[in-house]
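> Build me a model from this:
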Amino acid sequence: MLAGQSEEEAAATAEVFGIADITDPDLRESFNRRMDLVFPILNLLSPVGMTMLLKLLYPRRYLQEHLAFACYFATFLVVVTLPLVLVEAEALGIVTSVVTIASLLYLAVAMRRVYRGRWSGLIARLVVVSLGLLAIILVLSTLTFVIVLATI
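Numbers count the residues shown, from 1 in each chain. The predicted model follows:
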């Protein structure tokens, strides 16, 4: 509902433009159920995307090495982001910042141990992998949202 708009006007606008009533509990239940089904499947694609990024950055390594590393890091991300579900809304920003910094530091150390090399090359590759992984996660999240909305 827009500011200054009555409930009748909001209902008429929603009907004209085909907008669903997001306060409807049945709609929310259906959305959550479908999201629970679709998101894990698409979430499995993020290690595959990271594998492709790593293969571009380290072409001499075997694809299986990159896949193992990507699965390893994806597992770490799942474990480290669990506190975000449990924390209160007031502390969410602080915990998110700590988790992000810890994840980047952990990725740098893990890449250094697995791929070796100089720190200068590692930092450049870390930036590419981090931004690429962020783009992959954003695309997959958007795709999940669109698939779920299309099935409602």
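> okay, which residue is most central for the protein?
residue 137 (3.8 Å; C-alpha atoms, centre = their mean).
> Pretty sure residue 45 is one of the things that one touches, is it not?
No - assessed by C-beta atoms under 8 Å, residue 137 is found out of contact with residue 45, at 9.8 Å. In this view, the C-beta of every residue, glycine as well, is placed from N, C-alpha and C.
> And the top helix by length along the chain, what does it pack against?
Longest helix in the chain by number of residues, with DSSP state H as the criterion: helix 119-151. Secondary structure elements in contact with helix 119-151, counted by 3 or more C-beta pairs under 8 Å, 6 or more residues apart in numbering; DSSP states H and E, are helix 25-43, helix 45-57, helix 92-115.
> Check which residues of stretch 50-69 are buried.
The neighbour-count check on stretch 50-69 (16 or more other C-beta atoms under 10 Å) flags 50, 51, 52, 53, 54, 55, 57, 58, 66, 67, 69 as buried.
> Residue 85: which of the residues you listed is nearest?
residue 50 (22.4 Å; C-beta to C-beta).
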